[in-house]
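Colleague: build me a model:
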Amino acid sequence: MKKIIIHCGMPKTGTSAIQVQFAQGRKNFLKHGYDYLNTGVDKKAEKGGISSGNGFELARAYMPQSHPSSLAKQRKNITEKTRRAIHNTDCHVIISSEFFSATTRPLLGELAASFSDLGEVNLAFFVREQTTALVSSYIQQIKRRGETKFPDEFSSDFDIQKQSMLLYNSYFTELSFHIDNANILAKPYELAKSNPAGVLGLFLDMIGAKIPLEDLPVDKRVNLSPSPQELRLLIEVNKHEPSKYFSDMVVELSYAAGRSNIYAPQVILPPEVAKKVKTLFHKENEDFFINFAKCNNIYDNEVDNSSYINLRDVTFDATVMVDVFAGVLSRLDKRLEKLEQTII
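Modeller: Alright, predicted model coming up:
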């Protein structure tokens, strides 16, 4: 039976990297029986950039009409277009977007039902341990929303009642009530660190795709997190309201220079906050690993106070700062050169 895999990308779980690898390796995946549908909405991913996946339109069609990004009024047409694409391929189908995870569980159920007659529908998710998810949310606010608060200020009003998506067992249990003819696939993103093919390899293992390692595209580093030193720098720079492109440049140059690592945990959450968060989610995580992840509970560990980094205490090494700004200036110079060539 044809599999229809709908990848619901949770925040900071390698979604952009997976989308880039599928978009750039589309022809090769077809040879192995998997069709990352060419919907024409992920051109950025084909060029190695951050996109919202080939399911961008479909996901928005199943968002509540009140959501500013909703395409609910076009739901029927977009669904029919996707159904035709699924019907016309002999391969298993992969559709991905982070917007799927942003919609309601009843609407995800409706989405799954709309394709259930065409094959076996699977809703695929990666999750992150809640303290790292909170840190990732904070870093994303720095990169995309000009956040200038320090971690303790950002997390001071943390309310578990407002974090329903982090209550993984409850989230997937409720979702299961809304889907009759679909499967829920869920794994902890952290397992990607030990997978030879990284996050893409973990995803393929989760959906049961047996593709040789040598046939997989190179693991892409997109939407990375800055190092603690660069986080402190961006907090200061954000006070001057820079464009989003500035933070992207800093992060890309950071990885290229070896100052950050794709899987390195940023231990910038105060230990007392981290302990509180772990305690709040302890039972949820126990049940999630038993009922859905079906693997060892890798979130059941103690907070390591010794590795905590207080961003207020981070100092700026002159050599690193020269390297950062030299890289930024060089990148800006190249952009200016391209602009001049366009004008001429």
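Colleague: check the gap between Phe115 and Phe22 for me.
Modeller: Phe115 sits 18 Å away from Phe22, going by CB to CB, to the nearest Å. Where C-beta positions appear, they are placed from N, C-alpha and C, glycine not excepted.
Colleague: and Ser16, what element?
Modeller: helix 15-24 (DSSP states H and E).
Colleague: buried residues, that helix. List them.
Modeller: Applying a neighbour-count criterion of 16 or more other CB atoms under 10 Å, one finds Thr15, Ser16, Ala17, Ile18, Gln19, Val20, Gln21, Phe22, Ala23, Gln24 buried in helix 15-24.
Colleague: and the closest residue to Tyr36 other than its chain neighbours, what pLDDT?
Modeller: Closest residue to Tyr36 in three dimensions, ignoring its sequence neighbours and counting by CB to CB, 6 or more residues apart in numbering: Phe22, at 4.0 Å. As predicted, Phe22 sits at a pLDDT of 93.
Colleague: for Phe22, what are its contacts?
Modeller: Listed by CB atoms under 8 Å, 6 or more residues apart in numbering, the contact set of Phe22 reads Phe29, Tyr36, Ala45, Asn54, Ile94, Ser96, Leu200.
Colleague: repeat the analysis, applying 10 Å as the threshold.
Modeller: 7, 28-29, 34-37, 42, 45-46, 53-54, 94-96, 200, 203, 217 (CB atoms under 10 Å, 6 or more residues apart in numbering).
Colleague: in strands, which of those fall?
Modeller: His7, Tyr34, Asp35, Tyr36, Ile94, Ile95, Ser96 (DSSP state E).
Colleague: low-confidence stretches in the stretch 201-344 of the chain?
Modeller: The stretch 201-344 of the chain contains residues with pLDDT under 70 at 219-225, 251-266, 344.
Colleague: 50 instead, please
Modeller: Scanning the stretch 201-344 of the chain with the threshold set as pLDDT under 50 gives 263.
Colleague: and the two most separated of the ones in strands among the contacts of Phe22?
Modeller: Comparing every pair within these by CB to CB identifies His7 and Asp35 as the most remote, at 13.4 Å.
Colleague: between these two, what contacts are shared?
Modeller: What both His7 and Asp35 touch, as defined by CB under 10 Å, 6+ apart, is the set Phe22, Ile94, Ile95.
Colleague: among the contacts of Phe22, name the buried ones.
Modeller: 7, 29, 34-37, 42, 45, 53-54, 94-96, 200, 203, 217.
Colleague: now, which of those sits nearest Lys244?
Modeller: Using CB to CB, the buried ones among the contacts of Phe22 come closest to Lys244 at Ala45, 17.7 Å.
Colleague: how much space between the closest one and Thr15?
Modeller: For Ala45, the distance to Thr15 - CB to CB - is 10 Å.
Colleague: any common contacting residues for the two?
Modeller: Joint contacts of Ala45 and Thr15 (CB under 10 Å, 6+ apart) are Ser51, Ser52, Gly53, Ser96, Val222.
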